[in-house]
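Chemist: Give me a model of this one.
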Amino acid sequence: MDPKRIAEIIAALAGDDAASVSSEDIAAALAAIKEQATEFATSTPSADTVASLTTLLDQRNVLLAAQTERTAAGDTAQAHAAALAELDGTHDPKRDDNQPDDKAAPVPPTGDEPEGGKAKEGEDEKPKPKRAARTRQLGDLDRDDVPAEPSTAGTVTTRTLVQGGVPGHNPGDALPSAAALAKAFVDKAKALSSPSAAGRHDVARIEYQYPPERILGHKASAEANTEKINAATSPQAITAAGGLCLPLEVRYDIETIGVTDRPVKGALSAFQVERGGLQFRAPFDALAMATGLGVWTQADDIAADPEDPETLKSCLEVTCPGVLEASIYSTYMCLEFANMTARFDTEWVSATNDSAQVAWARFAENQLLSRLAAGSKAINGIHQLGAVRDILLNFDRIIAYYRNRHRLNDAVPLRTVMPRFVIEMLRSDLAMQMTNASPGELFAIAQATLEAWFGTRGVNVTWHLDGLAGGTQNGVVFPAQTYADLAAGATVPAYPTAIDALLFREGDWLFLDGGTLDLGLVRDSNLNMRNRYQTFIETFEGVAFVGKESLRIKLPIVPSGASSGTIDPHAIDATLPVVTP
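Modeler: Predicted coordinates for the structure are as follows:
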C-alpha cells in the first residue's frame, strides 16, 4: 500500500467517513507502515528520516486506536447477539406469531398493496407466516424451573472519563479501553510541550459508581446509614530466528509482569463516603454485662429493703457511648518521563505505566493490611502436627471461642484473610503425608477443596497477594510475610516460619471509598527545562471497624506431613492430657 493511500485512510478515520474504511484496510495500512519502518532501519539518520518516522508513528497510533475501538465494538456486538440468542432459547412459544421468520424467504410486493403493506379494504388479509418454535435450550425443565438471573443490586461499577484538555476529546467523554487511555496520555503530553504549560494537568479520572444502597449520605440520618450497612453486611447479603542473513525483526511489545488485583479491598464491605470520612459508634458489648442480670424469687421479694441495696435488684446504668471516626487517606504513584521517550517509544511508556500500577496495587493493599492488623487483637496459635491438621485445629479452636464469646450461630459467616502462599503450604503438607489415599487426593488437591474446608466451618477465605514486614504487636512476634529476591545458585526458599492471618465477623470492616481514581500529567518550569513530564495516580480510601472484635493470629505452621499416627503429639506439646488405656 502506497503512502498516499495510507494518508487517505487516516483522513477518513479522522473525519466523518470512518465507516468507509474496512478493518482489512486498517490491517493493510499497519502492515505497510511496518514495511516502511523496516526500510528506514537501514537508512542514514537525518532530519528528514526523523520527520518521516514521526509521521509513521502518528499514523500507526491512529490506526491502532481505530482497530482497538472496532475490536471492542465487535466484541460488544457478539456479546449482544449471544445474549439475545440465549434469551430466545427460553422464549414463550405463544409470542412466535409476533416474531419475524429469519429463515423464510421475503415475499415480493405484488404492486396491489397500499402503502404500509396492508391489504385493501374488503380484501382478505393473507395469513402471516408463522415461525417454527425453536427448541428450548433448557431441556425438559418447566418454565418455573429456569434459574433466576443473578441480581446486580449493590454492584459497584467503574468508568474512565476524560478530565479535560485532551485533543480530540471533550470533558466527560468515556475512554473505552486501556489503549484509548494510553493514547490520551500521549496526546496530552504533546499538547503540553510549550514552556507556558506549567503545573498539574488532569487527563482522566476513574469513577466508582455506587448504587444508592451503598452511599452513606452526610444529610441522611444515622439510622438510615446504619440500615444500609446492616443490609449489606448481613449473612444473607454477603520464538527465535537464527541462521538468516537478514536484519532481526524488532518486537516492540513489552510484557507486564504481575496483576493489579485488590483482594483485601474486595474482602471488605465497600461504601462511598461523601465527606472524606465516617463517624460511627462502637457496638454495645451486652454479653460482658456484670450487673443488670439476675434471678428474683419470692423470698427475695419478701426480703427486699429499700434501705439495703444488697436486697434489691441490680441495674446496669447505660452511659452515652463515644463517637469514633475513620478518615480517608490518599495513596498515590508518580512517574517521570522524557518527552522524547513519550513521543518515540510509546510502548515503553505504556508498559512502564502498567507495571508501575502493579507496584502501586501492592502498596495500596499493604496499607489496608496494616490498618486491619493495627485494629485487631494479636494472639498466638499452636503447632502440634503438619500444616493441614494444625491450621484446621487452630481455626476450630478460635472459631469455637469467637462464636461462644459473641453468641453467634453457624448462620453468621466469618472472614479470614491469609497470604496466598498458604495454598502451596497446605498442598506441600498433603504431598508429604503417609497415607493410603489416592494420588489425586494428595497431589491434585484443588484450591476450591481447600477453601471448602473453611467453608464448612462458616469461614470465607481471602488470599491476599502481598504481605507485611515482620513486627511485634501485643507481645506477639510476627515474621515477614514476603519473600526476598532469590539469588542465583541459592537453595529453594523455605516457607515463612508462621502465617499472619486475620479473622473477623463478615462485614465488620468497612472499606471507605473516596469516589474517584485520578489520573493525570504534571508539567512545570523545572520539568520543561529538563524536557520531561510526570504522570500520577491518586486514590482516596480508608477503613472503619464497626464490630466488637477482630483477631490477628500468628499460626506457626510447618508443612511436614506429620499426623497423630506418625509422631507423639506430647513430644511437641507437653501440656496435652495423657490418655491411659
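
Chemist: Roughly how far does residue 538 sit from residue 328?
Modeler: Note on residue 538: its distance to residue 328, by Cβ to Cβ, to the nearest Å, is 12 Å. From N, CA and C alone the C-beta is placed, and that goes for glycine too.

Chemist: How about residue 486?
Modeler: With Cβ to Cβ as the criterion, residue 486 and residue 328 are 38 Å apart.

Chemist: More neighbours: these two, which one.
Modeler: Shown here are residue 486 and residue 328; by other Cβ atoms under 10 Å, residue 328 has more neighbours (18 against 10).

Chemist: can you tell me which residues contact that one?
Modeler: Applying Cβ atoms under 8 Å, 6 or more residues apart in numbering to residue 328 gives the contacts 273, 276-277, 512, 514, 540-542.

Chemist: Quick check: ChimeraX command selecting the buried ones in those.
Modeler: Of the contacts of residue 328, the buried ones can be selected in ChimeraX as follows, counting by 16 or more other Cβ atoms under 10 Å:
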select :273,277,512,514,540,541,542
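
Chemist: What I need now is the contacts of residue 328 written out in CSV, including pLDDT, distance to residue 465 and secondary structure for each item.
Modeler: Listed next are the contacts of residue 328 as CSV, based on pLDDT from 0 to 100; distance: Cβ to Cβ, whole Å; DSSP: H, G, I helix; E, B strand; the rest coil:
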residue, pLDDT, distance to residue 465, secondary structure
273, 83, 26, strand
276, 81, 28, coil
277, 82, 28, strand
512, 91, 22, strand
514, 83, 23, strand
540, 89, 22, strand
541, 90, 17, strand
542, 91, 21, strand
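
Chemist: Out of the contacts of residue 328, which is nearest to residue 339?
Modeler: Using Cβ to Cβ, residue 540 is the member of these that lies nearest residue 339, at 29.9 Å.

Chemist: That closest one against residue 330, yeah?
Modeler: Yes. Using Cβ atoms under 8 Å, residue 540 and residue 330 qualify as a contacting pair, with a distance of 5.4 Å.

Chemist: any common contacting residues for the two?
Modeler: Common neighbours of residue 540 and residue 330 (Cβ under 8 Å, 6+ apart) are residue 514.

Chemist: Find the nearest non-adjacent residue to residue 406, please.
Modeler: residue 548 (6.0 Å; Cβ to Cβ, 6 or more residues apart in numbering).

Chemist: Could you double-check that that neighbour lies in contact with residue 285?
Modeler: Yes. Between residue 548 and residue 285 there is a contact under Cβ under 8 Å: 5.9 Å.

Chemist: So between these two, which is more surrounded?
Modeler: Higher neighbour count among residue 548 and residue 285: residue 548, with 17 against 11, using other Cβ under 10 Å.

Chemist: Quick check: the gap between the more buried one and residue 182.
Modeler: From residue 548 to residue 182 the distance is 47 Å (Cβ to Cβ).

Chemist: other SSEs contacting the host helix or strand of residue 517?
Modeler: When elements are assigned from DSSP states H and E, residue 517 belongs to strand 509-523. Helices and strands touching strand 509-523, by 3 or more Cβ pairs under 8 Å, 6 or more residues apart in numbering; DSSP states H and E, are helix 178-191, strand 199-209, strand 269-273, strand 277-280, strand 532-545.

Chemist: partners of that strand in the sheet?
Modeler: Strand pairing for strand 509-523, determined by DSSP bridges: strand 199-209 (antiparallel), strand 269-273 (parallel), strand 532-545 (antiparallel).

Chemist: Those strands into a markdown table, with extra columns for distance to residue 262?
Modeler: Output for the strands paired with strand 509-523, formatted as a markdown table (distance: least, Cβ to Cβ, whole Å):
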| stretch | distance to residue 262 |
| --- | --- |
| strand 199-209 | 12 |
| strand 269-273 | 11 |
| strand 532-545 | 10 |
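
Chemist: between these, which gets the lowest average pLDDT?
Modeler: Among the strands paired with strand 509-523, strand 199-209 has the lowest mean pLDDT, at a mean of 77.

Chemist: mind listing what's buried in that strand?
Modeler: 201-206, 208.

Chemist: Could you list the residues in contact with the following helix or strand past that strand?
Modeler: As assigned by DSSP H and E, the chain's next helix or strand after strand 199-209 is strand 215-216. The contact list for strand 215-216 (Cβ under 8 Å, 6+ apart) reads 225, 228-229, 271-274, 278.

Chemist: and of those, the nearest to residue 23?
Modeler: Nearest to residue 23 among the contacts of strand 215-216, with distances taken as Cβ to Cβ, is residue 272, at 40.2 Å.

Chemist: Pull the number of nearby residues for the nearest residue to the closest one once chain neighbours are set aside.
Modeler: Nearest residue to residue 272, sequence neighbours excluded (Cβ to Cβ, 6+ apart): residue 210, at 4.2 Å. Residue 210: 19 surrounding residues under other Cβ under 10 Å.

Chemist: residue contacts, residue 210?
Modeler: The neighbours of residue 210, taking Cβ under 8 Å, 6+ apart as the test, are 156, 270-272, 513.

Chemist: gap between the helix or strand encompassing residue 353 and the chain center?
Modeler: Assignment of secondary structure by DSSP H and E places residue 353 within helix 346-374. Taking Cα atoms, centre = their mean, to the nearest Å, one finds helix 346-374 lying 13 Å from the centre of the chain it belongs to.

Chemist: One more: stretch 62-71?
Modeler: With Cα atoms, centre = their mean, you get 26 Å for stretch 62-71.

Chemist: what residues does it touch?
Modeler: For stretch 62-71, contacts defined as Cβ under 8 Å, 6+ apart pick out 9-10, 13-14, 18, 21, 23, 26-27, 29-30, 33, 176-177, 179-180, 183.

Chemist: Check which residues of that stretch are buried.
Modeler: For stretch 62-71, by 16+ other Cβ under 10 Å, it's 62-69.

Chemist: And stretch 294-313, by the same measure?
Modeler: So stretch 294-313, judged by 16+ other Cβ under 10 Å, has zero buried residues.

Chemist: Quick check, residue 427 in contact with residue 444.
Modeler: No. Using Cβ under 8 Å, residue 427 makes no contact with residue 444, being 9.3 Å away.

Chemist: For these two, indicate the residue with more neighbours.
Modeler: Using other Cβ under 10 Å as the criterion, residue 427 and residue 444 rank with residue 427 on top: 20 against 11.

Chemist: Can you name the next helix or strand after the one helix or strand the more buried one maps to?
Modeler: Taking DSSP H and E as the criterion, residue 427 maps to helix 421-432. Downstream of helix 421-432, the first helix or strand assigned by DSSP H and E is helix 439-443.
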